[in-house]
Structures are given as C-alpha cells and as structure tokens.
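**Q** What shape does this take:
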Amino acid sequence: MTTTAAAFSVRTAHTADLTPAELRVIRALLDEAFDGDFSDEDFEHGLGGLHALVHDTAGRLVGHGSVIMRRVRHRERWLRVGYVEAVAVRPHVRRCGLGGRVMAELERVVDRAYDAGMLSASDEGAALYAGRGWQVWSGRVCALGLDGVVRLPDEEGSIFVRTALAGPLDPAFELVFDWRDGDVL
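**A** Model prediction:
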C-alpha cells in the first residue's frame, strides 16, 4: 500500500505553545532525519517562531519545519525575514509529499507576515525548495559580526529566497544577515 500525504495531519503551533515533551519529540525527529548531525545550536535556531508539525494517523510526529524571524539588510533596508529552519521528515515516510505539506504551511506564514522568506538548503533539500518556486540567491551573502560585515562565501549558492511583501530583491546588492551562534545561516 502506498502512503500519501493525505493520510497525515498538519498542525501549526508557536514554540511557546509546545510542551517540553513535544520539543523533545521534535528534537528526536531532527536527530534521526539528520543522522545525528543536528547540533544543539541548530535546534535552538528553529525555536521562537511557528512550527509546522506533521503527524501520522497514530499521532506520531513524522515531519517538522519552523519559521523564525531574522533581520537581513538588503540595499539600505533591514528586512523582516521569515527564515525557514529544521525542515525534516522521518526516513520511512519520505517521498510521499510531507516535506511539501510542511513547506506549504511555512510559506503561508512567510507570505503573509514577512518581507521575504529565506533559508539555507542542504544538497538533499535543495530540490524540494526549488520545486516550490524558491530561488537560489545569486548575490553575495554576508553577516553582521562583532567587527562589522563579514562575507560568507561558503554559504553562497545555498541560500534560497522567496520574495513576499518586499518584492524582488536585487542580487547586485548583498544580503547581510544578523549574527547568531553556531552556523550563522
């Protein structure tokens, strides 16, 4: 029997509305989905915003993603960016549309509440985002560090953008992200 995305339910909740037990289940899903390569800082980056949670018919969490607010300077303006984090689906239910269900909920939030949406994609995740209309950022990527603006050339080519309220962004001008511990993007 083939499993379809329709057999699963999607719920959205702010981090503040999740119990400690739910947060532990989310963390376990992310550890499994990323083969143990999901740090405490990575987990922290996905907190403080809205989560899309996919459950199977038995109530088990099988998919997750979150969108948090970040500040990103483009041209001479600081944008409110819905930054997508911690998108994952359990290995046994991949390729049946659950990543798309997670992203649909997060995109709804981005489109209605933020100037733009952005995310840093792994090689494995890039096709999902490109297939949903997210565009690879072709310009420079930087972050505002303690000593000023720092270019992040290793991140260039992996940042995806979804323009929302801000309209098109010009890659002739760099994106300057707010700094954070761990992986900046």
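**Q** What segments of the chain are strands?
**A** Taking DSSP state E, the strands of the chain run over residues 9-14, 50-55, 61-74, 77-89, 116-120, 135-136, 141-145, 148-151, 159-163, 175-178.
**Q** Mind putting those into CSV with mean neighbour count, mean pLDDT and distance to A126?
**A** Quick note: C-beta positions are derived from backbone N, CA and C, even for glycine. Output for the strands of the chain, formatted as CSV (neighbours: other CB atoms under 10 Å; pLDDT from 0 to 100; distance: least, CB to CB, whole Å):
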stretch, mean neighbour count, mean pLDDT, distance to A126
strand 9-14, 13, 97, 23
strand 50-55, 22, 98, 19
strand 61-74, 21, 97, 15
strand 77-89, 22, 96, 12
strand 116-120, 23, 97, 10
strand 135-136, 15, 96, 8
strand 141-145, 18, 95, 15
strand 148-151, 12, 95, 22
strand 159-163, 21, 94, 8
strand 175-178, 22, 96, 18
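**Q** export the ones you listed to TSV and tack on distance to L128?
**A** As requested, those are exported to TSV (distance: least, CB to CB, whole Å):
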stretch	distance to L128
strand 9-14	16
strand 50-55	13
strand 61-74	10
strand 77-89	8
strand 116-120	10
strand 135-136	13
strand 141-145	20
strand 148-151	27
strand 159-163	10
strand 175-178	21
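**Q** looking at the ones you listed, which is closest to D35?
**A** Shortest distance between D35 and those, using CB to CB, is found for strand 77-89: 10.7 Å.
**Q** need the longest helix for the protein.
**A** helix 98-113 (DSSP state H).
**Q** Could you say which one of the strands of the chain comes nearest to F43?
**A** Of all these, it is strand 77-89 that lies closest to F43, at 7.1 Å by CB to CB.
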